[in-house]
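Student: No sequence on hand, only this structure:
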């Protein structure tokens, strides 16, 4: 099929509803729809407000938004350098294979290189084999010896108060 | 034994050499000493310079520095909220069991709660059973279904350039 040129732009607060729709679509794909506990106002405030730590990109083709990415800066003491962590990467199902996912990933890799970041990282669900193939083909390596631990909700409040 | 009161303070650029020493001690414990690819100037610039994204704490007892922590802010699209990611937590071997590690973890948990963060997260090496017991007792849960992928070095530069 003829592929429309994929363009990537920085998201603005006017994209909050669009980003929330994409977040929900990605959560459904990840079998975690009920995990989305925010709304349009929450996305607008957290991604575009004064305390925002993350950055959002919108991917477009033929004048239509077809995907998004959200990333933030992390840090490695071993390298003594900042890095980039990709929180979300999503392309609408009907647009997969168009190169949009790679274009988004490459766009952020270029930001990482331009800003002297040491690493570009993200997390993948272990059963998401298409994503794993895509990431390994791009040159990413699994950090299989590490497990993320998370404290949240009541457990976080109780530990903080204890 | 009588335990000196543990105090926690925000690190400053004058702590760069101390932090680097602790980073190296932690890397030796993690069987990754050669992974430390920075020096005192690198730590000073990356943790205390204009582009710093991470924050460092020093833990003291009896007037002596006995441990440190480095953290940064991450972000969850599912929650529409910032979180805190703990990059490093370390207490000198001779000071373990003094409550210093818990004091550091709790100090950061309180920052997370005070700032409305949704999650407090960190990574653990799968063989580090004392750490895993400590974290699970504190109420943290392993995110076992996710694996971190990393692009770095030549692979990152080549993917960005491609």
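Tutor: Structure received. A quick note: this is a predicted structure, and the numbers were derived from the prediction, not measured.
Student: For the spatially most central residue of chain A, give its distance to residue A:141.
Tutor: Nearest to the mean C-alpha position of chain A, counting by C-alpha atoms, centre = their mean, stands residue A:88 at 1.9 Å. Distance from residue A:88 to residue A:141, counting by C-beta to C-beta, to the nearest Å: 20 Å. (C-beta placed from N, C-alpha, C; glycine too.)
Student: Check residue A:50 too.
Tutor: Separation of residue A:50 from residue A:141 (C-beta to C-beta) stands at 36 Å.
Student: The two: who's more crowded?
Tutor: Higher neighbour count among residue A:50 and residue A:141: residue A:141, with 13 against 5, using other C-beta atoms under 10 Å in any protein chain shown.
Student: got the contact list for the more buried one?
Tutor: Residues near residue A:141 by C-beta atoms under 8 Å, 6 or more residues apart in numbering or on different chains: B:149, B:150, B:151, B:155.
Student: Which parts of chain A are helices?
Tutor: Using DSSP state H, the helices of chain A run over A:16-29, A:40-48, A:100-114, A:129-137, A:153-161.
Student: first to last residue in stretch A:75-89, what's the distance?
Tutor: This stretch, stretch A:75-89, spans 20 Å end to end (C-alpha to C-alpha, to the nearest Å).
Student: Same question for stretch A:72-86.
Tutor: Terminal-residue distance, stretch A:72-86 (C-alpha to C-alpha): 7 Å.
Student: ok, how many other residues are close to the residue nearest to residue A:52 when sequence neighbours are not counted?
Tutor: Among residues not flanking residue A:52 along the chain, residue A:46 sits closest, at 6.4 Å (C-beta to C-beta, 6 or more residues apart in numbering or on different chains). Neighbourhood size, residue A:46 [other C-beta under 10 Å]: 23.
Student: ditto for residue A:34
Tutor: Neighbours of residue A:34 (other C-beta under 10 Å): 8.
Student: so how far is residue A:26 from it?
Tutor: Following C-beta to C-beta, the distance that separates residue A:34 from residue A:26 is 14 Å.
Student: Then residue A:129?
Tutor: 17 Å.
Student: Who has more neighbours out of these two?
Tutor: With neighbours defined as other C-beta under 10 Å, residue A:129 and residue A:26 compare such that residue A:26 has more, 21 against 10.
Student: list the contacts for that one?
Tutor: For residue A:26, the contacting residues are A:88, A:90, B:77, by C-beta under 8 Å, 6+ apart.
Student: In strands only, show me those residues.
Tutor: A:88, A:90 (DSSP state E).
Student: Name the nearest of the contacts of residue A:26 relative to residue B:30.
Tutor: Nearest to residue B:30 out of those is residue A:88 (C-beta to C-beta; 29.0 Å).
Student: residues contacting that closest one?
Tutor: Residue A:88 touches A:22, A:23, A:26, A:68, A:69, A:70, B:77, counting by C-beta under 8 Å, 6+ apart.
Student: from these, which two are the most distant?
Tutor: Across the contacts of residue A:88, the longest distance by C-beta to C-beta is 11.4 Å; it joins A:23 and A:69.
Student: quick one on the thing from earlier: format the contacts of residue A:88 as CSV; extra columns: pLDDT.
Tutor: Below are those laid out as CSV (pLDDT from 0 to 100):
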residue, pLDDT
A:22, 98
A:23, 98
A:26, 96
A:68, 98
A:69, 98
A:70, 98
B:77, 98
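Student: Residue B:54: which of those is nearest?
Tutor: Taking C-beta to C-beta as the measure, residue B:54 lies nearest residue A:70 of these, at 19.3 Å.
Student: show me the contacts for that closest one.
Tutor: A:19, A:47, A:54, A:55, A:56, A:57, A:86, A:87, A:88, B:75, B:77.
Student: Write the PyMOL selection for whichever of those are buried.
Tutor: Restricted to buried positions by 16 or more other C-beta atoms under 10 Å in any protein chain shown, the PyMOL selection for those reads:
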select buried, (chain A and resi 19+47+54+55+56+57+86+87+88) or (chain B and resi 75+77)
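Student: Can you redo the contacts of residue A:70 as a markdown table, where the extra columns are distance to residue A:136?
Tutor: Below are those laid out as a markdown table (distance: C-beta to C-beta, whole Å):
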| residue | distance to residue A:136 |
| --- | --- |
| A:19 | 27 |
| A:47 | 29 |
| A:54 | 25 |
| A:55 | 25 |
| A:56 | 26 |
| A:57 | 23 |
| A:86 | 15 |
| A:87 | 20 |
| A:88 | 19 |
| B:75 | 25 |
| B:77 | 24 |
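Student: Residue A:89 and chain B, how far apart?
Tutor: Using C-beta to the nearest C-beta, to the nearest Å, residue A:89 is found at 11 Å from chain B.
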